[in-house]
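here is a sequence together with a model predicted from it:
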Amino acid sequence: MMAARLGKKANRGRFVNRFWYHTPDDPDAWHGLLSVLKDYEKNGPDRPWPVAVAHFRAVQSRMNAIRAERSTGDPPAVQPLRNPCSRSPATIIDPVLAIFQ
């Protein structure tokens, strides 16, 4: 669908102008990529590159752990709930509370 929209020369030109040069009246609105890059050039990023990489890797590791939990079946906190009749109320409630911590 996007290729069809960009097929006409006028549409391609409009896309390029909005993507690179868009400057809205509202300062909180979306700006074109050129102004974003110029701002980075002038002010630099919010955090140093090594810190951003460490943050990304920590989030990626957490995501992989969640994905592994979901692909192997029930997360460990839910497994004790499968047969609740044979357990005391405390052993049922504690894993449920652990989910929300």
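Structure's in. What do you need? These numbers come from a predicted model, not from an experiment. Numbers count the residues shown, from 1 in each chain.

quickly list the domain ranges of the protein.
Following automatic domain parsing, one finds the domains of the chain at 9-43, 49-99.

how close does residue 54 get to residue 63?
Remark: distance between residue 54 and residue 63 (Cβ to Cβ, to the nearest Å) = 15 Å. Just so you know, the C-beta spots here come from the backbone N, C-alpha and C atoms, and that holds for glycine as well.

still on that earlier bit, worst mean pLDDT among the domains of the chain?
The stretch with the lowest mean pLDDT among those is domain 49-99, at a mean of 74.

ok, then the element right after whichever strand or helix holds residue 38?
Using DSSP states H and E, residue 38 sits in helix 33-43. Beyond helix 33-43 on the C-terminal side, the first helix or strand identified by DSSP H and E is helix 49-71.

could you count how many residues lie near residue 34?
Each residue near residue 34 was counted by other Cβ atoms under 10 Å, and the total is 13.

how many neighbours does the residue nearest to residue 32 when sequence neighbours are not counted have?
Once flanking residues are discounted, residue 32 sits nearest to residue 22: 3.8 Å by Cβ to Cβ, 6 or more residues apart in numbering. With neighbours defined by other Cβ under 10 Å, the count for residue 22 comes to 14.

how about the one 4 residues further on?
Using other Cβ under 10 Å, residue 26 has 7 neighbouring residues.

quick one: secondary structure of residue 29?
State at residue 29, reduced to three classes by DSSP: H, G, I helix; E, B strand; the rest coil: coil.

tally of neighbours for it?
9.

quick one, phi/psi of it?
The phi/psi pair for residue 29 (degrees, to the nearest 10) reads phi -80, psi 170.

distance of it relative to residue 50?
Applying Cβ to Cβ to residue 29 and residue 50 gives a distance of 32 Å.

do the same with residue 22
Counting by Cβ to Cβ - residue 22 and residue 50 are separated by 32 Å.

do residue 67 as well
When residue 67 is compared with residue 50 (using Cβ to Cβ), they lie 26 Å apart.

what's next to stretch 21-38, contact-wise?
18-20 (Cβ atoms under 8 Å, 6 or more residues apart in numbering).
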